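Chemist: structure for the following, please:
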Amino acid sequence: MDGFANPPSAPPQKNKAPHAILMVDDEPQACKWFSRLFSDEFTVFTASGVDEALALLRERAQEVAVVLTDYRMPLRNGVDLLSELRTPYPHISRLLISAYADKTVAMEAINQGQVEQILEKPLNETLVRQALRTALANSQRRVAERNLLDTRESTLRETLGFLAHEASTPLATVRSYLSAMRDRHLEDPSKEAATAGAPQRNKNGEVLAMIEAAQRGADFAQVLVTKFLMSANVTAQGTHPGSAKASELIDAVRREYPFDADESRWVRCEVSEDFDLPGSRDLLFLVLCTLVKNSVLALRSAPPDQPQLDIVLASYAPAPGMAAQPLIGVRDNGPGIAPEILDRLTREPTTTRADIGGTGMGLVFCQRVMSTLGGAMEVQSTLGQGVVVTLYFPNASEEPHKEWP
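Modeler: Numbers count the residues shown, from 1 in each chain. Okay, the predicted model is just below:
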């Protein structure tokens, strides 16, 4: 239809409230009467049909606050017009005029056009004037609320971007110092062993382990900050990178996550069905890194005989009767999660690692990202048998494929 084939040139401008009334009627006299009667209080535009109204809105949507349309018109009726306004022009209040205001028309108008009010012919000037005032106020309120949200989101992005930028420099310094300390500590281990004896060697080994652990933590923080800055810059510039494959995301995590030497061998990847990622690749990189980090820490805290971390791409129906959805699954064979903690993980900040600075915000963050993408996250675990985290993405296919987990 016209409204979607030719989207609006621009949304309502900030700090410029919409103020005009658009009257749509195929009867020229009705439009003239309306304009003459109500132009003393309102700015009035008129159109003789759906196509003319949509053409006007494509040019002047930022000015129009209310669309008032007759129901009975040739080719397409007033409900067709109001239905077509819902998505591209959410700020516009929609009113319908009908001389046949029966139950069927009213239900159609409400269900399809989200009509705020139905006015019956012949129009009563007092009632119409009050309806226009209310509709105009509602439209301006919606625009003000949207502008406020946009301002808050912009301020939050800028603040977080600033914090990430400020954290990046000291992180780089810490990583440099840790690397230098490690190199100096390993510079001549044979000399140390010859002169210091076994107790000193044990002490040196503990110091080296602490340095390497701190270096891994700093490396991981640097990866996250870098990705966040990239995502913030793209958002600030108003650009959108092309879609990436889920397999490319997994490859990036395997390549860039700061695994310890042995830990990288725990990871196995299985791609049975690749798919395009929705949303920000960098944001999903942070999500997948968080899940991998949780599994690595769990395996490190209580390592089984053969530590294993699987990252799987598949398609699976979350429940019987549902269509299959593309997914990324992260599964480990670590100690698992106690039921009382599992129930709270994605609903509130919950951590079992508070002693080392854990806040429990990681999975809450992952859940919120997936929700904004129209997807979902599911966490399953049996104590002593590891954890399975499944990220379900939108764009469901017809049939389930590989069983998961």
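
Chemist: just give the nearest non-adjacent residue to residue 42, would you?
Modeler: residue 21 (4.8 Å; Cβ to Cβ, 6 or more residues apart in numbering). Every residue, glycine included, has its C-beta placed from N, CA and C.

Chemist: for the one you found, give the beta-bridge partners.
Modeler: residue 44, residue 66 (DSSP bridges).

Chemist: hmm, it is touching residue 44, no?
Modeler: Yes - taking contacts as Cβ atoms under 8 Å, residue 21 lies within contact range of residue 44: 5.2 Å.

Chemist: got any residues that touch both of those two?
Modeler: A shared contact of residue 21 and residue 44, defined by Cβ atoms under 8 Å, 6 or more residues apart in numbering, is any residue touching both; here these are residue 38.

Chemist: who has more neighbours, the two?
Modeler: With neighbours defined as other Cβ atoms under 10 Å, residue 21 and residue 44 compare such that residue 21 has more, 25 against 20.

Chemist: distance check, that one against residue 247.
Modeler: Between residue 21 and residue 247 the computed distance is 53 Å (Cβ to Cβ, to the nearest Å).

Chemist: re the thing from before, pull the contacting residues for the residue nearest to residue 42.
Modeler: Residue 21 makes contacts with 38, 42, 43, 44, 45, 64, 65, 66, 67, 68, 132, 136, as judged by Cβ under 8 Å, 6+ apart.

Chemist: contacting residues around the third one?
Modeler: Listed by Cβ under 8 Å, 6+ apart, the contact partners of residue 43 are 19, 20, 21, 63.

Chemist: let's see 6 Å
Modeler: 19, 20 (Cβ atoms under 6 Å, 6 or more residues apart in numbering).

Chemist: how many neighbours does the closest residue to residue 376 other than its chain neighbours have?
Modeler: On the basis of Cβ to Cβ, 6+ apart, the spatially nearest residue to residue 376 that is not a chain neighbour turns out to be residue 392, at 4.6 Å. Residues within reach of residue 392, counting by other Cβ under 10 Å, total 23.

Chemist: I'd like to know how far residue 392 sits from residue 301.
Modeler: Distance check for residue 392 against residue 301: by Cβ to Cβ, it reads 28 Å.

Chemist: cool, residue 331 as well?
Modeler: Residue 331 is 17 Å from residue 301, where distance means Cβ to Cβ.

Chemist: tell me which of those two has more neighbours.
Modeler: Neighbours of residue 331 and residue 301, each counted by other Cβ under 10 Å, are more numerous for residue 331; the result is 22 against 12.
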